[in-house]
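S.K.: A structural model of the following input is requested.
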Amino acid sequence: MKATTIVGVRRGGQVALAGDGQVTLETTIVKAGARKIRRMYQGRVLAGFAGSVADAQALADKFEGKLEQSAGNLRRAVIEFAKEWRTDRVLRRLEAMMVVADPEHLLLVSGDGNIIEPDDGVLAIGSGGAFAQAAAKALVRHTDLSAREIVENALLIAAEICIYTNDKIVVDSLGEAGASE
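M.R.: Here you go, the predicted structure:
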């Protein structure tokens with residue numbers, strides 16, 4: 001996926017997602033301040049999307065419906081959503097990935113049916129995802145920063161390296177930094 005970077009960290013009772021604001025059309029920056037992170041299900045779930053804007057919006061709406069059907073149970077909603085995304089002829093063609101999180105879970109969901117929960121509480125997607133993920137992993141291992149501080153710093157580092165990532169960052173978090181897991 002090109003043209004966006006989303007990074008998530010779950011640490012110390014807190015989960016945080018950050019997304020850059022750059023929207024790119026081929027080799028041209030067309031918007032610098034897009035919001036790619038949003039709250040769902042009464043503000044108890046965070047979601048970040050990478051890929052085509054229209055496809056990401058369609059997936060966000062569909063996923064939010066699954067959250068409502070599962071009464072906010074993130075794991076159940078993700079499983080039902082991934083099954084539908086993989087088998088539905090229209091959804092299957094959508095080009096996007098998403099990271100979803102609540103204080104207990106951080107998950108990557110893709111259209112091929114994959115649901116991945118990282119061992120170390122760090123996930124990233126999009127064109128700058130590998131850069132942001134590497135930075136976040138280093139910060140998790142070698143600092144006492146909160147999840148929120150880590151995703152913000154990791155995305156700033158990715159923005160220095162990836163031409164499809166900018167430093168107009170949106171960060172959101174759930175839970176309390178320092179709370180036990």
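
S.K.: any idea how far stretch 111-131 is from the chain center?
M.R.: Centroid separation for stretch 111-131 versus its chain: 8 Å, with C-alpha atoms, centre = their mean, to the nearest Å.

S.K.: same check on stretch 97-105?
M.R.: 7 Å.

S.K.: would you mark the buried spots in that stretch?
M.R.: Under the neighbour-count criterion of 16 or more other C-beta atoms under 10 Å, stretch 97-105 has 97, 98, 99, 100, 101, 102, 103 buried. In this view, the C-beta of every residue, glycine as well, is placed from N, C-alpha and C.

S.K.: average pLDDT across that stretch?
M.R.: In this model, stretch 97-105 carries a mean pLDDT of 94.

S.K.: so of the buried residues of stretch 97-105, which ones are in strands?
M.R.: Mapping the buried residues of stretch 97-105 onto strands (DSSP state E) picks out 97, 98, 99, 100, 101, 102.

S.K.: can you tell me which helix in this structure is longest?
M.R.: When the chain is parsed with DSSP state H, its longest helix is helix 53-69.

S.K.: now do the strands in the protein.
M.R.: 5-11, 14-19, 23-25, 28-31, 37-40, 45-51, 96-102, 105-110, 115-116, 122-126, 170-175.

S.K.: ok, back up a step: just give me the closest of the ones in strands among the buried residues of stretch 97-105 to residue 79.
M.R.: Nearest to residue 79 among those: residue 100, at 11.6 Å, using C-beta to C-beta.

S.K.: contacting residues around residue 114?
M.R.: Contact analysis of residue 114 by C-beta atoms under 8 Å, 6 or more residues apart in numbering lists 82, 108.

S.K.: picking that back up, enumerate the positions of the longest helix of the chain that are buried.
M.R.: Buried positions in helix 53-69, judged by neighbour count with 16+ other C-beta under 10 Å: 55, 56, 59, 60, 63, 64, 66, 67.

S.K.: per-residue confidence averaged over that helix?
M.R.: 87.

S.K.: helices and strands around it, which ones?
M.R.: When contacts are defined as 3 or more C-beta pairs under 8 Å, 6 or more residues apart in numbering; DSSP states H and E, helix 53-69 packs onto strand 37-40, strand 45-51, helix 74-87, strand 96-102.
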